[in-house]
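Colleague: predicted model and sequence follow; I will ask about them next.
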Amino acid sequence: MSRIRLVIVICIVTLNVWSILSLYSSLHQAGEFTNEHILYRQIAWITIGWVVLFSFSFVNYRLYFDLSIFLYILNLALLIGVKLLGREVMGARRWFSFLGVNFQPSEFSKVVTVLILARFFSQSSDKNIFTKKVLFPLGLVLLSSFLIFKQPDLGTALICIFLFFLMGFSSSIKKKYFTLCLITGLLITPLGWHFLKDYQKKRLLVFLNPNCEPLGAGYTILQSKIAIGSGKIIGKGFLSGTQNQFNFLPERHTDFIFTVVAEEWGLVGSLFLLIIYYLILKNILAITKEVKDDFGRYILIGTAYLFFLHIFINIGMSIGMLPIVGLPLVFLSYGGTHLFFNFFLLGVVFNISKQ
Amino acid sequence: MGSRLTVRVIIGGFLIIIFGLFYLQVVRGNYYLRRAKSNYVKIINLPSIRGSIFDRRGILIAQDKPIFNIAVIPYQIEGKKEFIFERLAEVADVDKEIITINYQKNFQNVFSPVEVLIDVDKSKALKIKEVLQDNVLIRIIPQRYYPFSYLYSHVLGYVKKAEVIYRDIKRYGYSPSQRVGINGIERFYDHFLRGEDGVELIEVDSRGQVMGFLGKRSKRKGSDIYLTVDTRFQKIAYQSLGNFRGAIIIMSPHTGEIFSLVSKPSFDPNSFIEGKDVEYILKDRRNPLINRAIQARYPPGSVFKSIVAVAGLEEKVINPHTTFFCSGKFTLADTEFSCWRRHNQEDLYDALAHSCNIYFYNLGLRLKVERIAKWAKIFGLDRKTRIDLPFEGKGLVPTRIWKRKVKKREWYGGDTVNLSIGQGYIEVTPIEVVVFISAFANQGYLVWPHLLKKVEETNFVPEKKLSLGVSKKSIEVVREGLREAVTREDGTAHLLSFLGLNIAGKTGTAQTRGKAHGWFAGFFPYQNPKYSVCVFLENGGSSYQAVKVTYQLLKRLREENLI
């Protein structure tokens, strides 16, 4: 068990170093170092993250079983609060500004979704399994997803819904229940489209492309592809990625951090990054074999899926395979809230592995 | 339950990504590397045309006109920047310093055009292009122009580039050159006027040759709007004010449509567009930027007596024939207040016609401050008229509680005496005055003053007028008093009777620390009023000056057959 934790720690440290290097590179524009504070903030957040991981590895994870309902309600309150009081950035209200630190409740929602699903899927009940273990948790997830969607933050809203199905299919509950929900959902989605007003449709399309407003997907995706593709097999080397340094790409220190990695380190670097991610996920899942308690096991699976979805969607959109939704790349992108909750989840994972 | 399924999903996902990466970085790697080397993207902003503004008769009072700017693209002139700037200065016959400053100010990124010379003569622009060839480009850009310069400055306001608002957008590579209204109609109806800037993204190689077209967002023209103002009225009103500081408002007492709104001293909004003499305007001690018609507040003086008269009648403190004796002097607790002349026995009609202070001292003391304040508020003096202009001010109606709270003092009888003739703490804006005097013209309604007539071809629907809930009889009595101020030979506004316009109105002289303010507020024709008018002279000396300005104003309007 301690070997598993050691591997994860080494992987995370590697990602931390890589994140700082990539941020340092992305903040260079035409040879000039700009917005240094972003780099220093990231270093501070990584430090805080390790403290969080260490602290929460001592908190018994069973606590979250009872706490999850309360956390879910808190999450709803925060989501409604941010809509009413939050800071507006580029037409979206996603942040709380508190003492100079911006807090993003939708990051919290993802963690809460994992915990609440773990609770309901692991709860023991014989009767009404479909209602209690499938429909009710689905309702909770849809409610908070809807609030996140209204922010608007389509990426996070979808992740919560994906989590429900992925965790559900990996659970011991009968697969037909989830298949039924999935098919119903897929059938309703296009119908919903017709109920939307024209301006709402237009807005929905803008959701898909928040970064490239007002020029459509073309610009950002093309720039992202040029950056990644031109890195070829071995990359251009550290600080030599012309695409990123010439300011072609917006948000390259947050959602498009992968373009920096792929341009500077090429396919070799990208594969190395995927191997690190794989090691982390594989080791998190390896713990499930030793854990006897269902709740813990679901948390492990949920965490692995949560990380995986971020990696898959983020890199997928960077290489132009998926539409652009604003999602960070786990442990690499700049962003305090996102780092905080990732470290927190690892803290919970470590605690499970110790029991 | 299976973590095996999870592992499979993860491996599957990663394989898809690896496949995608392999395609991009290996199969298409050389292609993208080539693209990267020639990847210079030119972002060209296409400024939208802002909607024009017309007066009620379709005369153009604000429009966009094309100007010629000279721009350079930083990466194209790399290494020869100084040389090109020197040549440019030489050909354009300007200081090189100006070019350098503009370059630094307007620089966005190395691929976007930077405007270094603004508003160049067309022939000069062509000459520059001929001499400097591909090193410069001519950009034709719309610029706001106000053909009547000083005349409409406070009504229209002016526009500025949205650089401040769009600072965040800048790093996305878009030009922050879109213009937004900073004041006046330009600000209030910015959403109609603005339109939407377009953007063009063009890919060029290192020699500046166009390689491809990446995307375009078309520009959209803003909507034209028509105002209720009449340029002929506006011109005469502006001239009638002469060298006085102050304001003139002419409005329909029934609909609230404003025919003319002038504030002096004025300024030329074109200065802000061109960036000339702005310092001079900002530093002017007379504050030309303030719209005295709606932003500043002043004691109303005797104009306020018409409201006190209504209060007296409605609260049944007096009837129209109640008389008070004016000896020219009035004593309250050892303090002596005076009238401007000895009027002897006066009833309400006499008191309004003569503007007798003693009559209103007596009435005010019987009403007490609360009831006076109540009626001042009913006539809207404590709130904004919500005219469609930004930064409107509102009047101040003092009460006992207000004085205790703000002045930390008790309310004295002397305060009530002052209040009853519109002196002391009470303050109002000229637009509030024209709205309340209109209530006597339209039998007891507060109208919503507004400037917008229509947007493109769609007529604007103004808000309904608001009933004051005053009895017709009280309004009628005061209205008659206002008429007698003009008709009677000893009436304070008798001068206006010579115009033959059947005017009714009230004069006001408001004592201040400096020279007194002069007011006239009235309406005409008496039987079926079409116009309300308010003339206000800041430190104009006396109400007589205001009456004279009103006389000039209406005489000219009459001569031009406008009223």
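Modeller: Now that the structure is in, tell me what you want to look at. Numbers count the residues shown, from 1 in each chain, chains lettered A, B, ... in the order given.

Colleague: please count neighbours and contacts with C-alpha atoms only from this point.
Modeller: OK.

Colleague: give me the neighbour count for residue 137.
Modeller: Just going to use chain A. Residues near residue A:137, counting by other CA atoms under 10 Å in any protein chain shown, number 20.

Colleague: hmm, no, I was thinking of chain B.
Modeller: For residue B:137, using other CA under 10 Å, the count is 20.

Colleague: and it, what is it in contact with?
Modeller: Residues near residue B:137 by CA atoms under 8 Å, 6 or more residues apart in numbering or on different chains: B:70, B:71, B:72, B:129.

Colleague: go on, residue B:229?
Modeller: Residue B:229 neighbours (CA under 8 Å, 6+ apart): B:55, B:56, B:257, B:258, B:259, B:260, B:261, B:451.

Colleague: gap between the closest residue to it other than its chain neighbours and residue B:226?
Modeller: The shortest distance from residue B:229 to any non-neighbouring residue, by CA to CA, 6 or more residues apart in numbering or on different chains, is to residue B:259 (4.1 Å). To residue B:226, residue B:259 is 12 Å away according to CA to CA, to the nearest Å.

Colleague: over to residue B:151?
Modeller: With CA to CA as the criterion, residue B:151 and residue B:226 are 16 Å apart.

Colleague: does residue 272 lie in a helix or a strand, and which?
Modeller: Reading this off chain A. Using DSSP states H and E, the secondary-structure element containing residue A:272 is helix A:257-286.

Colleague: let's do chain B instead
Modeller: Applying DSSP H and E, one finds residue B:272 within helix B:269-274.

Colleague: so which elements touch that helix?
Modeller: strand B:137-145, strand B:159-161 (3 or more CA pairs under 8 Å, 6 or more residues apart in numbering or on different chains; DSSP states H and E).

Colleague: in chain A, which spans are strands?
Modeller: A:28-29, A:32-33, A:87-89, A:92-98, A:101-103 (DSSP state E).

Colleague: touching, residue B:469 and residue B:439? I think so.
Modeller: No - using CA atoms under 8 Å, residue B:469 makes no contact with residue B:439, being 11.0 Å away.

Colleague: how about the strands in the stretch 201-350 of chain B?
Modeller: B:210-217, B:225-227, B:245-251, B:258-264, B:324-326, B:329-332, B:335-338, B:344-346 (DSSP state E, counting those that start in this stretch).

Colleague: wait, which of the ones you listed is closest to residue B:534?
Modeller: Nearest of the strands of the stretch 201-350 of chain B to residue B:534, taken as CA to CA: strand B:245-251 at 5.2 Å.

Colleague: tell me the mean pLDDT for the closest one?
Modeller: In this model, strand B:245-251 has an average pLDDT of 97.

Colleague: next one: stretch A:272-280
Modeller: On average, stretch A:272-280 scores 97.

Colleague: and that stretch, what's buried?
Modeller: By neighbour count with 16 or more other CA atoms under 10 Å in any protein chain shown, stretch A:272-280 contains the buried residues A:273, A:274, A:276, A:277, A:278, A:279, A:280.

Colleague: repeat that for stretch B:293-301.
Modeller: Buried residues in stretch B:293-301 (16+ other CA under 10 Å): B:293, B:294, B:295, B:296, B:297, B:298, B:299, B:300, B:301.

Colleague: and the residues you listed, which is closest to residue A:43?
Modeller: Out of the buried residues of stretch B:293-301, the member with the shortest distance to residue A:43 (by CA to CA) is residue B:295, at 51.4 Å.

Colleague: skipping adjacent residues, who's closest to that closest one in space?
Modeller: Setting aside the residues directly before and after it, residue B:295 is nearest to residue B:393 in space (CA to CA, 6+ apart), at 4.4 Å.

Colleague: just checking, that neighbour touches residue B:382?
Modeller: No - applying CA under 8 Å, one finds residue B:393 not in contact with residue B:382, separated by 9.9 Å.

Colleague: what is the mean pLDDT for stretch B:49-60?
Modeller: 95.

Colleague: and stretch A:36-55, by the same measure?
Modeller: Stretch A:36-55 shows a mean pLDDT of 93.

Colleague: what of stretch A:348-355?
Modeller: 91.

Colleague: from the chain's centroid, how far away is it?
Modeller: Distance of stretch A:348-355 from its chain centroid, counting by CA atoms, centre = their mean, to the nearest Å, is 21 Å.

Colleague: can you list the neighbours in contact with that stretch?
Modeller: Contacts for stretch A:348-355 (CA under 8 Å, 6+ apart): A:1, A:5, A:53, A:56-61, A:284, A:287, A:290-291, A:296, A:299-300.

Colleague: could you redo the last one with a cut-off of 10 Å?
Modeller: For stretch A:348-355, contacts defined as CA atoms under 10 Å, 6 or more residues apart in numbering or on different chains pick out A:1-2, A:4-5, A:8, A:53-62, A:64, A:284-288, A:290-293, A:295-297, A:299-300, A:303-304, A:342-347.

Colleague: who touches both of residue B:469 and residue B:439?
Modeller: residue B:445.

Colleague: how many neighbours does the residue nearest to residue B:295 have?
Modeller: Neighbour number of residue B:393 under other CA under 10 Å is 22.

Colleague: repeat that for residue A:286.
Modeller: For residue A:286, the tally of surrounding residues (other CA under 10 Å) stands at 19.

Colleague: so where is the chain shaky, pLDDT-wise?
Modeller: Since you didn't name a chain, this refers to chain A. A:29-34, A:86-102, A:192-219, A:241-251 (pLDDT under 70).

Colleague: chain B, not that one
Modeller: B:1-2, B:38-43, B:108-111, B:163-177, B:203-212, B:214.

Colleague: hey, which helix is longest across it?
Modeller: In chain B, with assignment by DSSP state H, the single longest helix is helix B:357-378.

Colleague: and that one, what's buried?
Modeller: Buried residues in helix B:357-378, counting neighbours by 16+ other CA under 10 Å, are found at B:357-365, B:367-369, B:371-373, B:375-378.

Colleague: show me the contacts for residue B:494.
Modeller: B:353, B:483, B:484, B:485, B:486, B:487, B:488, B:503, B:504, B:547.

Colleague: find the centremost residue of the chain, please.
Modeller: Reading this off chain A. Against the mean C-alpha coordinate of chain A, by CA atoms, centre = their mean, the closest residue is residue A:310 at 4.3 Å.

Colleague: chain B is the one I meant
Modeller: Going by CA atoms, centre = their mean for chain B, the residue that ends up nearest the centre is residue B:184, at 2.9 Å.

Colleague: pull the contacting residues for that one.
Modeller: With CA under 10 Å, 6+ apart, residue B:184 has these contacts: B:152-159, B:190, B:291, B:388-391.

Colleague: do you know how far it is from chain A?
Modeller: 26 Å (CA to the nearest CA, to the nearest Å).

Colleague: so for residue B:469 and residue B:439, which sits in the more crowded spot?
Modeller: Between residue B:469 and residue B:439, residue B:439 has the larger neighbour count (other CA under 10 Å), namely 24 against 9.

Colleague: so the more buried one touches residue B:252, yeah?
Modeller: No - here residue B:439 does not reach residue B:252: they are 11.1 Å apart, not a contact under CA atoms under 10 Å.

Colleague: what do the two both touch?
Modeller: With CA under 10 Å, 6+ apart as the test, residue B:439 and residue B:252 both reach B:447, B:532.

Colleague: and residue A:163, how far is that from residue B:302?
Modeller: Counting by CA to CA, the gap from residue A:163 to residue B:302 is 75 Å.

Colleague: all set, thanks.
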